[in-house]
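In: build me a model:
(2 chains)
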Amino acid sequence: MGEAVTLALQLVLSGDPDLLEIVLLSLRVSLTATVLACLIGLPIGSLVAIGRFPGRNAVLIVMNALMGLPPVVVGLLVYLHLSRSGPLGFLGLLYTPTAMIIAQTLLIAPIVAALSRQVLEDLHAEYSEQFRSLCLTRVQAVEALLWDARYSLLTVGLAGFGRAVAEVGAVIIVGGNIDHLTRVMTTAIALETSKGDLALALALGIILLVIALGVNAAVQSVRMTATRQAYV
Amino acid sequence: MQIKAFGAATIATLLTGGAWAQEQSIIVQSTTSTANSGLYDHLLPMFENETGIKVNVVAVGTGQAIKNAENCDGDVLLVHARSAEEAFVEAGYGTERMDLMYNDFVIVGPEDDPAGVGGMEDVRAALSKIAGEGALFASRGDDSGTNRKEMALWAETGIDPSAASGDWYRETGSGMGATLNAGIGMGAYVMTDRATWISFENKQDYEIQVQGDADMFNQYGVIPVSPERCPSVNAEAAQTFADWLVSDEGQDAIAAYTVADQQLFFPNASSD
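Out: Numbering: from 1, shown residues only, chains lettered A, B, ... in the order given. Predicted structure coming up:
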């Protein structure tokens, strides 16, 4: 463990270009997937949160269950579609960062949808009478809910990002862990483990943790600045 | 509206990585031992410098590599399971199979050698002894080239280890490195190719116990994927890569690759 910490420090301080490339790709893939998953998940979450329709309970159960989608299954499904012999093979996307973004988006969109649904539904229960008295339309109600729940939804987004940046099963299948092209932190860790270089694998793991910490700290500071300005 | 358009453009850029440089590149569906041992890191820069063709390696087990190549998801196949490779070419997926290089398989085990197979050469006798003693044995169990070889050897001993699966016979269902990690963790014997073993960095008290049987020979082959079967392949670049590997220059480069002063792969492409 001590060896791994030293190694992690050495890697970071030496400014290793390969490491930087891997870190940047990890961030690019997982942050893009998080943004896309929010674009898909938030509308679905809010529709289900304020909607009343037959079969709603079944939809809730399915949405919640999909939070447990195994990454390797998502990877396999995306592989089968993007493979040259699959229906979308003509796009030539397999073994590219785009394929990895698609897989992670599919993986975390259900998480964003299910968690935001709960957040928005709770808030809606609080606000519904007020909404009725103001005669707000559905769209206006959703807008008000999304705005008032923005900090909770930020945490929802972070949960999605956390899942995306930490998974290895999906990106290793659709990305192929190709050096200088599709290698990200988690697949690099898996590779070093399989080479038996456990210290380096652990060092990379520590760096990944620090990156996750950095992203969360950045979001937190944005949130605190926003709250402070709200009270000025 | 402008903000939305900007957002969409940003996402599009993030998705595609902007305009990619249009350079020649091929994907090699490969067995793991050639990648994990660092052979590609040694060979590919030479090839890329010379030809300008970028080689992207997807390292998976031989079984999966063949499957991926059959799905047209690679331009070149580089694996080690001769009969499966010949079947691949026969079925029209590959243009031709070329011998590339060889090394050998070994059985590694803990220093205290619970089954007493240390120093044995006859691999079938060693496997029988391990089974007879009920000593732990960790198998890949993943249809890789190494796994196929192991199963063929077991078949020749007349022992069906899968009957003891979960007992002394442990199928990890994962790659060579992961199986070595697991085997070493539980004190089991493991059959591995020598290249992976030499370059493996978590050996602990493990050493090679069984080696030297002529039947532990491990031949690697290279096959360009057929453009007739897979129109999407970069046939010309794939052929260039395969030809370079079996050329004098490629063969010399393979022979020159060493880890801890040991040569890992022995080139044996036929010179015709």
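
In: switch to C-alpha atoms for all contacts and neighbour counts from now on
Out: Noted.

In: and the closest residue to residue A:44 other than its chain neighbours, backbone torsions?
Out: Residue nearest to residue A:44 in three dimensions, not counting chain neighbours: residue A:113, with 5.9 Å by Cα to Cα, 6 or more residues apart in numbering or on different chains. Residue A:113 adopts backbone torsions of phi -60, psi -50, taken as degrees, to the nearest 10.

In: okay, now the unreliable bits of chain A?
Out: A:232 (pLDDT under 70).

In: which residue is most remote from the mean position of chain A?
Out: residue A:133 (37.3 Å; Cα atoms, centre = their mean).

In: which SS class is that residue?
Out: Taken by DSSP: H, G, I helix; E, B strand; the rest coil, the conformation at residue A:133 corresponds to helix.

In: what helix or strand is the residue of chain B found nearest chain A on?
Out: In chain B, the residue that lies nearest chain A is residue B:177 (3.9 Å; Cα to the nearest Cα). Assessed by DSSP states H and E, residue B:177 sits inside helix B:176-186.

In: could you point out the helix or strand that follows that helix?
Out: Counting by DSSP H and E, what follows helix B:176-186 is strand B:189-193.

In: show me what that next one is packed against.
Out: strand B:98-110, strand B:137-139, helix B:145-157, helix B:176-186 (3 or more Cα pairs under 8 Å, 6 or more residues apart in numbering or on different chains; DSSP states H and E).

In: quick one, helices of the chain?
Out: The chain I'm using is chain A. A:2-13, A:17-50, A:56-66, A:71-82, A:97-134, A:138-148, A:150-166, A:169-175, A:185-194, A:198-231 (DSSP state H).

In: my bad, chain B
Out: B:2-16, B:32-36, B:39-51, B:62-70, B:82-90, B:123-133, B:145-157, B:176-186, B:194-199, B:235-246, B:248-256.

In: among these, which is nearest residue A:183?
Out: Distance to residue A:183, taken as Cα to Cα, is lowest for helix B:32-36 among the helices of chain B, at 13.7 Å.

In: who are the packing partners of that closest one?
Out: Taking 3+ Cα pairs under 8 Å, 6+ apart as the contact cut, helix B:32-36 packs with strand B:54-59, helix B:194-199.

In: pairing partners for the first one, with directions?
Out: Strand B:54-59 has the following sheet partners, assigned by DSSP bridges: strand B:25-30 (parallel).

In: sorry, back to before: can you list the residues that contact the helix holding residue B:177?
Out: A:193-196, B:32-33, B:109-110, B:136-140, B:172-173, B:189-190, B:192, B:196, B:200, B:202-204, B:206 (Cα atoms under 8 Å, 6 or more residues apart in numbering or on different chains).

In: next, the buried residues of it.
Out: Of the residues in helix B:176-186, B:176, B:177, B:178, B:179, B:180, B:181, B:182, B:183, B:184 count as buried by neighbour count, 16 or more other Cα atoms under 10 Å in any protein chain shown.

In: report how many residues lie close to residue A:146.
Out: Neighbour count of residue A:146, defined by other Cα atoms under 10 Å in any protein chain shown: 20.

In: and for residue A:84?
Out: With other Cα under 10 Å as criterion, residue A:84 counts 26.

In: how about residue A:73?
Out: The burial count for residue A:73: 15, using other Cα under 10 Å.

In: kindly reformat the helices and strands packed on helix B:32-36 as CSV containing mean neighbour count and mean pLDDT.
Out: As requested, these are exported to CSV (neighbours: other Cα atoms under 10 Å in any protein chain shown; pLDDT from 0 to 100):
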stretch, mean neighbour count, mean pLDDT
strand B:54-59, 23, 96
helix B:194-199, 23, 95
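
In: out of the ones you listed, nearest to residue A:55?
Out: Across those, closest to residue A:55 is strand B:54-59 (Cα to Cα), at 44.2 Å.

In: residue contacts, the residue of chain A found nearest chain B?
Out: As assessed by Cα to the nearest Cα, chain B sits closest to residue A:194 within chain A, at 3.9 Å. Shown in contact with residue A:194 (Cα under 8 Å, 6+ apart): B:36, B:175, B:176, B:177, B:178, B:181.

In: go through stretch A:49-58 and flag the buried ones.
Out: A:49, A:50.

In: now do it: everything it contacts.
Out: A:48, A:117, A:118, A:120, A:121, A:124, A:142.

In: if we go to 6 Å?
Out: By Cα atoms under 6 Å, 6 or more residues apart in numbering or on different chains, the residues outside stretch A:49-58 that reach it are A:117, A:120, A:121.

In: repeat for stretch B:45-62
Out: Contacts for stretch B:45-62 (Cα under 6 Å, 6+ apart): A:176, A:178, B:24-32, B:79, B:144-145.

In: closest one to residue A:76 out of those, please.
Out: residue A:176 (11.9 Å).

In: show me how to select, in ChimeraX, the buried members of the contacts of stretch B:45-62.
Out: Burial among the contacts of stretch B:45-62 is assessed by 16+ other Cα under 10 Å; the matching ChimeraX selection reads:
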select /A:176,178 /B:25,26,27,28,29,30,31,32,79,144,145
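
In: how about the contacts of stretch B:45-62 in JSON lines, adding distance to residue A:209?
Out: Formatted as JSON lines, the contacts of stretch B:45-62 follow (distance: Cα to Cα, whole Å):
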{"residue": "A:176", "distance to residue A:209": "23"}
{"residue": "A:178", "distance to residue A:209": "22"}
{"residue": "B:24", "distance to residue A:209": "36"}
{"residue": "B:25", "distance to residue A:209": "33"}
{"residue": "B:26", "distance to residue A:209": "34"}
{"residue": "B:27", "distance to residue A:209": "31"}
{"residue": "B:28", "distance to residue A:209": "32"}
{"residue": "B:29", "distance to residue A:209": "31"}
{"residue": "B:30", "distance to residue A:209": "31"}
{"residue": "B:31", "distance to residue A:209": "31"}
{"residue": "B:32", "distance to residue A:209": "27"}
{"residue": "B:79", "distance to residue A:209": "36"}
{"residue": "B:144", "distance to residue A:209": "33"}
{"residue": "B:145", "distance to residue A:209": "36"}
